[in-house]
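1. have a look; sequence and predicted model below, questions after that.
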Amino acid sequence: MSLEELSLGNELKDGFKTTNKWVSNGINWLADIQEFYRERATIEQEYSARLKELCKKHFDKKAKNSSHLSVGDEPQITPGSLESASVVLWTDVLTQTEAIATERDKFASELQSKICQNLASLQVKSEKVARQIGAINEFLVAEKKATEDEVAKAKKHYDGLCQKTEAARQRTEKSSGEKYQQKLHEREVDMNIGKNHYLIRLSIANRLKDKYYFQDLPELLDYFQDLNESRVAILNKLLKNANIIERNFSDKIKELLFEIDTTIEQNNPKLDTAMFVKHNAADWKEPPDFLFVPCDFWHDDESLITKEPELTDLKKTLNASLNAYASAKESTLLAKQRLEEAAEARKASGDSTTLKFDAKLTDALSLLQKFMREDSARVKSEVEIEVIQNFAGNKDLSYVETKKEKKHGFGLFKSSKHEQTQEIVHDGQSIHTVASEVTNNSGHGLAGIFSLRRNTTSASKSSSAETMARALYPYDAAGDDETSIAQGEDLEVLEEDDGSGWTLVKSQKGSGLVPTSYIEITSKKKGPSVPPKRGARRVRYLEALYDYNAEEDNELTIRAGDKIALVQEDTDGSGWTEGELNGKKGLFPTAYAKAV
């Protein structure tokens, strides 16, 4: 990986604490450098003896802080005698300063006005940005903690309902009266509703956990990287300016100052990042998913209760979630667009290497925080929609809300009830559309239209999100969409069995389908993030090779390169295949497309 592609967010997992300390060390280090130049300006007036004493003092400081500045406070690998590029640069500055001590008296005042004040400004602005990044992380952690507390609260509430249901059941054993049976039924309904809410909170907590560790936290680490690299770049310019001042006052030291320039030019801001990553990268395991914990005495599983009357509550929740998702999606995409525009403007302005670097960076962080807040709301609604629709299967999820109003007459016995029914119905097509959209945008990687991760590569994906399997028996591929496996071979599961009896895996011979009964899953169990949709079948796609214009109403217009969902293969040898493109179904020549 080149230095330009290096990303703290991609390389360091759950590294906010160590990165924050590392960046803070660099910012605090500016105080040392500022102190150096202020004291140096004073010492210049006292000439070379005092200047040499100052250099010795800062050599000692550098020796104490070299490891902290280069690899942070708690590196996974000790650096030994290695120093970061910035520390090496600083060492060279001190060394050359000792050699030119006798020529420093004339430029003392310029050191104060042009170097020290700018270093102070750089430190203040860097600290401001670092605090803003820290505040965003505190918000995200608090949000994640609040969600986890909701899980615990929902679990406690669910256990209480289980207790009440069990008590009602025990009373029915003592008396079989209809009253007790009805009471037991009511308790069971309440318990099932409580269970549904508990499962939904679990799914939301799991999704927000994934969002925090795989999207939000890496994004904050990248902004820490931007801040640190901007600081290093500006520090390079300030150090170079100090050298220019020195050259103006003494041609005799010009050659020595050019040596410092060379070291500065070699100090690519990403070199410090590279060394920090190398010495702090550690094996990181994703925190385990939250799992459904049934009541100790009420044996249950992690499936939503989708029978009536529990289904009505789910319909009501789904209806609210669909409305919330539509609003959250729009606001999230708008926030993302504004954030990307701000990032492009910041990149084009070139302010990242000037003391104006904080203005656009602060704006971008504000937009980032807004995006994360809106995206979290979208994720919550998305999870509720996925969970309810997947467990409901093909059941009608239309929701009818009944409102009752009472009209009272003036007489003592004159009262009547008037019932109004307001029907809130999402037709099957619209629900299917939202479900498809939600499904396409979900997943650990969050690599859909809502993803902000920059410089994302396949190598940066967490291995903890992969599902691994082992081949129990050998299998020879019998079709183009299958792959061969050898007994005992380790496999990566790309897509689990959807009920068809086949699993999509990656083997030594490539990716393809294998019989599910021929393999065993070896990786850890994941929590109920999103259950698979019941009754679904695998969707196969074709890629259009040539353009074709529909000539009849039952035909489909395609263009070369289009990705077409296969509806019906050409099994009768007619030369025509039925597919779906952009929501429209129709026939097209079989020879005009190939399987992908």
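-> Here it is on my side, so go on.
2. which intervals of the protein have sub-threshold pLDDT?
-> Counting by pLDDT under 70, the ranges of the chain that qualify are 1, 400-466, 499, 523-539.
3. tell me where it has strands.
-> For the chain, the strands defined by DSSP state E cover 399-408, 415-424, 467-471, 490-495, 502-507, 510-515, 519-521, 541-544, 563-568, 576-581, 584-589, 593-595.
4. possible to save those as TSV with distance to D251 and mean neighbour count?
-> C-beta: built from backbone N, CA, C; applies to glycine. As requested, the strands of the chain are arranged in TSV below (distance: least, Cβ to Cβ, whole Å; neighbours: other Cβ atoms under 10 Å):
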stretch	distance to D251	mean neighbour count
strand 399-408	85	10
strand 415-424	84	9
strand 467-471	68	18
strand 490-495	65	16
strand 502-507	66	20
strand 510-515	67	18
strand 519-521	74	16
strand 541-544	69	18
strand 563-568	68	15
strand 576-581	74	19
strand 584-589	78	17
strand 593-595	73	15
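5. want to throw those into TSV with distance to N248?
-> Putting these into TSV (distance: least, Cβ to Cβ, whole Å) gives the following:
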stretch	distance to N248
strand 399-408	78
strand 415-424	77
strand 467-471	65
strand 490-495	63
strand 502-507	63
strand 510-515	65
strand 519-521	71
strand 541-544	66
strand 563-568	64
strand 576-581	69
strand 584-589	73
strand 593-595	70
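6. what's the closest of those to K240?
-> Proximity to K240, assessed across these by Cβ to Cβ, is greatest for strand 490-495 (49.6 Å).
7. quick one: that closest one to strand 502-507, angle?
-> Between strand 490-495 and strand 502-507, the angle comes out at 130 degrees (axes from the mean of the first three to the mean of the last three Cα atoms, to 10 degrees).
8. for Y212, see how far away L291 is.
-> Using Cβ to Cβ, to the nearest Å, we find L291 at a distance of 18 Å from Y212.
9. higher neighbour count, those two?
-> Ranked by neighbour count (other Cβ atoms under 10 Å), L291 and Y212 place Y212 first, with 22 against 12.
10. so that one sits against T147, correct?
-> No: under the criterion of Cβ atoms under 8 Å, Y212 makes no contact with T147, lying 9.7 Å away.
11. surely T467 touches V493?
-> Yes: assessed by Cβ under 8 Å, T467 is found in contact with V493 at 4.0 Å.
12. contacting residues for K380?
-> K380 makes contact with 204, 207-208, 324, according to Cβ atoms under 8 Å, 6 or more residues apart in numbering.
13. can you do 6 Å?
-> Counting by Cβ atoms under 6 Å, 6 or more residues apart in numbering, K380 makes contact with I204.
14. out of the strands of the chain, which is closest to I77?
-> Closest approach to I77 among the strands of the chain (Cβ to Cβ): strand 467-471, 27.8 Å.
15. mind listing the strands the closest one pairs with, and their directions?
-> Take DSSP bridges as the rule and strand 467-471 pairs in its sheet with strand 490-495 (antiparallel), strand 519-521 (antiparallel).
16. so which of these is nearest D547?
-> Nearest to D547 among those is strand 490-495 (31.0 Å), distances taken as Cβ to Cβ.
17. measure the residue most central in space within the chain to K209 for me?
-> When Cα atoms, centre = their mean is applied to the chain, the residue found nearest the centroid is Q215 (1.3 Å). Using Cβ to Cβ, Q215 is found at 11 Å from K209.
18. ranges for the helices of the stretch 51-200 of the chain?
-> Using DSSP state H, counting those that start in this stretch, the helices of the stretch 51-200 of the chain run over 85-99, 108-110, 117-174, 178-211.
19. pipe the ones you listed into JSON lines and attach distance to A343 and mean neighbour count per row.
-> Below are those laid out as JSON lines (distance: least, Cβ to Cβ, whole Å; neighbours: other Cβ under 10 Å):
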{"stretch": "helix 85-99", "distance to A343": "25", "mean neighbour count": "20"}
{"stretch": "helix 108-110", "distance to A343": "37", "mean neighbour count": "15"}
{"stretch": "helix 117-174", "distance to A343": "15", "mean neighbour count": "17"}
{"stretch": "helix 178-211", "distance to A343": "20", "mean neighbour count": "20"}
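20. same list (those helices) but as CSV, adding distance to Q369.
-> Formatted as CSV, those follow (distance: least, Cβ to Cβ, whole Å):
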stretch, distance to Q369
helix 85-99, 29
helix 108-110, 41
helix 117-174, 5
helix 178-211, 14
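21. looking at those, which is closest to N549?
-> Closest of these to N549 is helix 178-211, at 43.5 Å (criterion: Cβ to Cβ).
22. which elements pack onto the closest one?
-> helix 117-174, helix 310-349, helix 357-392 (3 or more Cβ pairs under 6 Å, 6 or more residues apart in numbering; DSSP states H and E).
23. so what's the gap between that helix and the chain middle?
-> Relative to its parent chain, helix 178-211 has a centroid offset of 29 Å by Cα atoms, centre = their mean, to the nearest Å.
24. that helix versus helix 310-349: what angle between them?
-> 10 degrees.
25. and this protein, what are its domain boundaries?
-> What automatic domain parsing lists as the domains of the chain is 3-127+231-280, 467-521, 541-595.
26. of the ones you listed, which is nearest A348?
-> The nearest among these, by Cβ to Cβ, is domain 3-127+231-280 at 16.5 Å.
27. could you work out the end-to-end span of the closest one for me?
-> In domain 3-127+231-280, first residue to last residue: 17 Å (Cα to Cα, to the nearest Å).
28. also stretch 500-512?
-> Distance between the two ends of stretch 500-512: 14 Å, counting by Cα to Cα.
29. what sits up against it?
-> Outside stretch 500-512, the residues within contact range by Cβ under 6 Å, 6+ apart are 481-485, 491-495, 497, 513-514, 516, 538.
30. which pair of those residues spans the longest distance?
-> Farthest pair in these, by Cβ to Cβ: S484 and R538, 19.5 Å.
31. between those two, which one's more packed in?
-> Neighbour count, other Cβ under 10 Å: between S484 and R538, S484 has more, with 17 against 13.
32. from V505, how far out is that one?
-> 11 Å.
33. same deal with T362?
-> Separation of T362 from V505 (Cβ to Cβ) stands at 47 Å.
34. one more: L54?
-> Going from L54 to V505 by Cβ to Cβ gives 65 Å.
35. run the chain-centre distance for stretch 254-267.
-> Stretch 254-267 has its C-alpha centroid displaced from the chain centroid by 41 Å (Cα atoms, centre = their mean).
36. where's the nearest residue to L566 once chain neighbours are set aside relative to I485, distance?
-> Nearest non-adjacent residue to L566, counting by Cβ to Cβ, 6 or more residues apart in numbering: R540, 4.4 Å away. Using Cβ to Cβ, one gets 21 Å for the distance from R540 to I485.
37. which of those two has more neighbours?
-> Comparing R540 with I485 by other Cβ under 10 Å, the one with more neighbours is I485, at 27 against 14.
38. verify the stated contact: L8 with L221.
-> Yes: L8 is within contact range of L221, at 4.1 Å (criterion: Cβ atoms under 6 Å).
39. ok, the closest residue to F391 other than its chain neighbours to T165 distance?
-> For F391, ignoring the flanking residues on the chain, the nearest one in space by Cβ to Cβ, 6+ apart is L304 at 4.0 Å. Here the criterion is Cβ to Cβ. By it, L304 lies 17 Å from T165.
40. ok, now Y592?
-> Going from Y592 to T165 by Cβ to Cβ gives 60 Å.
41. do the same with A593
-> Per Cβ to Cβ, A593 is found 56 Å from T165.
42. same thing with K106?
-> Note on K106: its distance to T165, by Cβ to Cβ, is 89 Å.
43. burial count for the residue nearest to D547 when sequence neighbours are not counted?
-> Once flanking residues are discounted, D547 sits nearest to R559: 5.2 Å by Cβ to Cβ, 6+ apart. By other Cβ under 10 Å, 11 other residues sit near R559.
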